[in-house]
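*Asks:* can you look at this prediction? I've put the sequence above it.
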Amino acid sequence: MADWSQLHPELLDFIAKKLQIYTDYVRFRAVCHNWRASVPKMPHRLPTQLPWLMLPQSQPHHTHRPFFNLSLNKFHFLHLPEASHRRRRRGSSHGWLLIVDEAPEIFLLNPLTRSKVHLPPLCTFPNVVRFNFADVGREYVLRTASGDVFTQSLKEMRDSFIKKTILSSSPSNGSDFVALVILNQTGDLAFCRKSDDSWTCLEDAQSYSEDVIYRRGLFYAVNKFGSIAVCDVSSSSPRVSIIEMPEQFGGDLQYLAESGEELLLVTRYLDLTYDVELDQTNMVYRTTRFQVCRLDWKSPNWEVVRSLDDRALFLGGNLSLSLSSVDFPGCKGNCIYYTDDYSEDNYDDSHGGEQDLGIFNLEDGSIEPLPCSNFRVRWPPPLWITPNPC
């Protein structure tokens, strides 16, 4: 009988390069010492992976974070002290998290490798007039577009200044990239390049702050009514052009996603209720449906999409993602996997710890819970992130 543990290193390396799923690669290396020694610890290149769902710590002092793997229907627990409960995640893109601290520090973190890439600090945004640790409770002074000045504390800036982050590419291996963030209070878009020491706001793109994707060398941002700002930051003089669209009404949230050759607009509809307890009013909400449209570039116009076929969309605080369900066990086609990126009120234990995440079936409009729905979700809300060891 052949001894599989003694396969030639060249053959093992050849086989390893054919593996397309990260967990398959990990299992391949775990077969025996010879296989493990013949291939690198991390693969050189992998296609986009099925996202894992990053969940909060079970206890604030814990340093391990649970990640739910849809394909394997199991949890992975990763040691991530860099993503402690004192810090905030502000989006995931290309397998990296944006982490904001109470101090002005901002950095990108790869949960698999624990690699860090520092970005310009919070105090370098153009609308931050002054920052001083000595002014306790009002450390930041900011200016609005109309010229009004107001103050924010360290905690307020950490918790609410940045809404979401999109990267042009993975920062792995020292590659060039651009980070673009959506700012909460003003609706501005700001960006920095790898070597920048401060952030730059994009003129003429204010209010295009519902969602952003990076596509073919350009950032595409969408506003509440479905119009698109196309942002070119490749030169020293950024340019913004607007694609005016017939206004979309009635939805609560808009997302952009690239699916094959198509640019999709996904509208999310929420049902809001108010619970009044003593002197406090709590807002509780639940996603009721989604509508998907594709961009007809000639008109231009948004055309309703009745079916995604084998594609699945992953939406939330992450870079919106479209994948073929055929490539990943445990993933259902013609479905939208969504997390809560609308408000953190649903995670207040005072009204039952409701959570707004699930799987929406585009064919019949039904919603089913995610397989990990029995996991007790506390704040912060879960977040999709694509495992990227490369």
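*Replies:* In hand now; what should we look at? Residues are numbered from 1 along each chain as shown.
*Asks:* hey, let's count contacts and neighbours off CA atoms from now on
*Replies:* Fine.
*Asks:* residue boundaries of the helices in the stretch 101-250 of the chain?
*Replies:* All helices of the stretch 101-250 of the chain, identified by DSSP state H, counting those that start in this stretch, fall at 154-160.
*Asks:* hmm, S5 is touching C32, no?
*Replies:* Yes: using Cα atoms under 8 Å, S5 is in contact with C32, at 6.5 Å.
*Asks:* give the contact list for the residue nearest the centre of the chain.
*Replies:* Centroid-nearest residue in the chain, with Cα atoms, centre = their mean: N318, separated by 1.4 Å. Shown in contact with N318 (Cα atoms under 8 Å, 6 or more residues apart in numbering): 91-93, 164-165, 383-385.
*Asks:* beta partners of it?
*Replies:* Note on N318: beta-bridge partners S92, judged by DSSP bridges.
*Asks:* for the stretch 151-300 of the chain, what are the low-confidence residue spans?
*Replies:* Applying pLDDT under 70 to the stretch 151-300 of the chain flags the ranges 173, 275-281.
*Asks:* likewise for the stretch 1-150 of the chain?
*Replies:* For the stretch 1-150 of the chain, applying pLDDT under 70 flags the ranges 1-2, 58-61.
*Asks:* mind listing the strands for it?
*Replies:* Ranges of strands within the stretch 1-150 of the chain are 52-54, 64-69, 74-79, 88-93, 96-100, 106-109, 116-119, 128-131, 140-143, 149-152, based on DSSP state E, counting those that start in this stretch.
*Asks:* tell me what the shortest one is packed against?
*Replies:* Contacts defined by 3 or more Cα pairs under 8 Å, 6 or more residues apart in numbering; DSSP states H and E place strand 52-54 against strand 64-69, strand 383-385.
*Asks:* got the angle for the longest one vs strand 74-79?
*Replies:* On the basis of axes from the mean of the first three to the mean of the last three Cα atoms, to 10 degrees, strand 64-69 is oriented at 150 degrees to strand 74-79.
*Asks:* picking up where we left off before, so which of the contacts of N318 is the closest to M54?
*Replies:* The nearest member of those to M54, counting by Cα to Cα, is L383 at 5.1 Å.
*Asks:* burial count for the residue nearest to that closest one when sequence neighbours are not counted?
*Replies:* Distances taken as Cα to Cα, 6 or more residues apart in numbering place M54 nearest to L383, at 5.1 Å, with adjacent residues excluded. The number of residues packed near M54 is 22, by other Cα atoms under 10 Å.
*Asks:* I'd say M54 and P380 touch.
*Replies:* No: checked against Cα under 8 Å, the pair M54 and P380 is beyond contact range at 10.0 Å.
*Asks:* which elements pack onto the longest helix belonging to the chain?
*Replies:* Secondary structure assigned by DSSP state H gives helix 9-18 as the longest helix of the chain. Here helix 9-18 is seen to pack against helix 33-38 when contacts are counted using 3+ Cα pairs under 8 Å, 6+ apart.
*Asks:* next, the buried residues of the helix it packs on.
*Replies:* Neighbour counts over helix 33-38 (16 or more other Cα atoms under 10 Å) mark 34-36, 38 as buried.
*Asks:* same thing with stretch 116-125?
*Replies:* Residues of stretch 116-125 classed as buried by neighbour count (16+ other Cα under 10 Å): 116-117, 119-125.
*Asks:* repeat that for stretch 39-52.
*Replies:* Those would be 39, 43, 46, 48-52, for stretch 39-52 by 16+ other Cα under 10 Å.
*Asks:* any chance of the residues you listed in a markdown table, plus distance to R268?
*Replies:* Formatted as a markdown table, these follow (distance: Cα to Cα, whole Å):
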| residue | distance to R268 |
| --- | --- |
| V39 | 44 |
| P43 | 36 |
| L46 | 31 |
| T48 | 25 |
| Q49 | 24 |
| L50 | 22 |
| P51 | 20 |
| W52 | 22 |
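*Asks:* and of these, the nearest to G251?
*Replies:* Of those, the one sitting nearest to G251 (Cα to Cα) turns out to be P51, at 25.6 Å.
*Asks:* which pLDDT value goes with the closest residue in space to K332 that isn't next to it in sequence?
*Replies:* Spatial nearest neighbour of K332, excluding adjacent residues (Cα to Cα, 6+ apart): S325 at 5.6 Å. Looking at S325, its pLDDT reads 94.
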